[in-house]
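>>> From the sequence below, what's the structure:
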Amino acid sequence: MTGTRHGAPPVRLYCFAHAGAGTSSYDAWPGRTGPGVEVVPLPLPGRGGRAGEPAVTGREALLADLMDRFAGAPRPQPFALYGHSLGALVAWTVTRALHEAGLPGPALLAVGACPPPTVPSVLSDAWAAPEDELVGLLARLGAVPDHAAPGGYWHRTVLPVLRADLTLGHRLRVAAREAGPHGLPDVPLLAVSGERDPLGTPGDMAEWHRWTTGPATFRTVPGDHYFAGGPELPALLGDVCRNLTGTTTGTTTGTTTGTTTERTTVTTTERTPDCSSGLAQVGADRVGMTADTSEGTGRQWARSHLPAGRHLQGEA
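Numbers count the residues shown, from 1 in each chain. So this is what the prediction gives:
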């Protein structure tokens, strides 16, 4: 993308993908965010174009791979982070690490389709399940192809990547809970939920306001767990990113402003078909797995250990 209409460099929007995915999940975004925003998907080792590298499955290895990208010379323009599902935990972990290191962090942290560390996660909690149990869970979520025979290509190549990603997600959640409220990043946070996403419901996503000391905003967009494949989310983030530099296109769908929080549903008159997802049809109550409630997981722990922050409108 080119610069803003004022000639300023574009805002860089770094994006982290969901479990098992590479950067291709953001291929359509440059044409959907609008002017003044440069979409920069960041692949993790062992995924996508870096499939030949050992997968990272822990916080330290993750930060060793990513921090140099953000710890360089001062930037002429603010940058933003967006993470989808597993990517939300990655984005938050990077943001907190930059804050703890005293380095410039993002002007906006946006997270989507992922419960915060204190809310049980069906997928992350299955990280150590036996193979038949994990495959059964993924099948019930529509994530296993019908033709995937035991011991076949999918089991040999895709399943290990998914398990590695679930392991990473679990460990990032544990690390965040263990760190507690100390050193929470002071960054505007935007939490986004899909209208039909059973794995990151509006109530779950609203809990993200406890994981920043800055203002928090909540949005709902059309779609299922893979709503990042639709046009609404990149358009929303494009508008928010332009507002970071005071440059708008007159089509703003929502921004984080001041010190208040708001809960708004983004509506649209045209809705494109959802991306490939069987998850939209399956609620977490149908998964048949017991959520991990150890190590402080759950809203009760959050309310006891994390600051109340600024409650989103409509939150119980």
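
>>> what ranges do the strands span in the stretch 1-150 of the chain?
11-16, 37-41, 79-84, 108-112 (DSSP state E, counting those that start in this stretch).

>>> Check the offset of the third one from the chain's centre.
Average the C-alpha atoms of strand 79-84, do the same for its chain, and the two points are 8 Å apart (CA atoms, centre = their mean, to the nearest Å).

>>> Which elements pack onto that strand?
Using 3 or more CB pairs under 8 Å, 6 or more residues apart in numbering; DSSP states H and E as the contact test, the elements touching strand 79-84 are strand 11-16, helix 86-100, strand 108-112, helix 232-244. Heads up, the C-betas are built off the backbone N, CA and C, glycines and all.

>>> CA atoms only: put it into CSV for me.
Output in CSV follows, covering the C-alpha atoms of strand 79-84 (Å, rounded to 0.1, in the frame of the first residue of the first chain):
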residue,chain,number,x,y,z
PHE,A,79,2.2,0.4,14.0
ALA,A,80,-0.6,-2.0,15.0
LEU,A,81,-0.9,-5.7,15.7
TYR,A,82,-3.7,-8.0,14.9
GLY,A,83,-3.9,-11.6,15.9
HIS,A,84,-6.6,-14.1,15.0
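
>>> tell me the angle that strand makes with helix 232-244.
Our comparison of strand 79-84 with helix 232-244, counting by axes from the mean of the first three to the mean of the last three CA atoms, to 10 degrees, yields an angle of 160 degrees.

>>> so strand 79-84 versus strand 108-112, what angle?
Using the same axes, to 10 degrees: strand 79-84 against strand 108-112 is 10 degrees.

>>> Which one, of the helices and strands packed on strand 79-84, ends up nearest to Pro120?
The stretch from these with the least distance to Pro120 (CB to CB) is helix 86-100; that distance is 13.9 Å.

>>> Please identify the buried residues of that closest one?
Buried residues in helix 86-100, counted by 16 or more other CB atoms under 10 Å: 86-99.

>>> sorry, back to before: reformat the helices and strands packed on strand 79-84 as CSV; add distance to Phe218 and mean pLDDT.
Shown next, in CSV, are the helices and strands packed on strand 79-84 (distance: least, CB to CB, whole Å; pLDDT from 0 to 100):
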stretch, distance to Phe218, mean pLDDT
strand 11-16, 19, 97
helix 86-100, 13, 97
strand 108-112, 10, 99
helix 232-244, 12, 97
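
>>> those helices in the stretch 1-150 of the chain, which residues are they?
Counting by DSSP state H, counting those that start in this stretch, residue ranges of the helices within the stretch 1-150 of the chain are 59-70, 86-100, 131-140.
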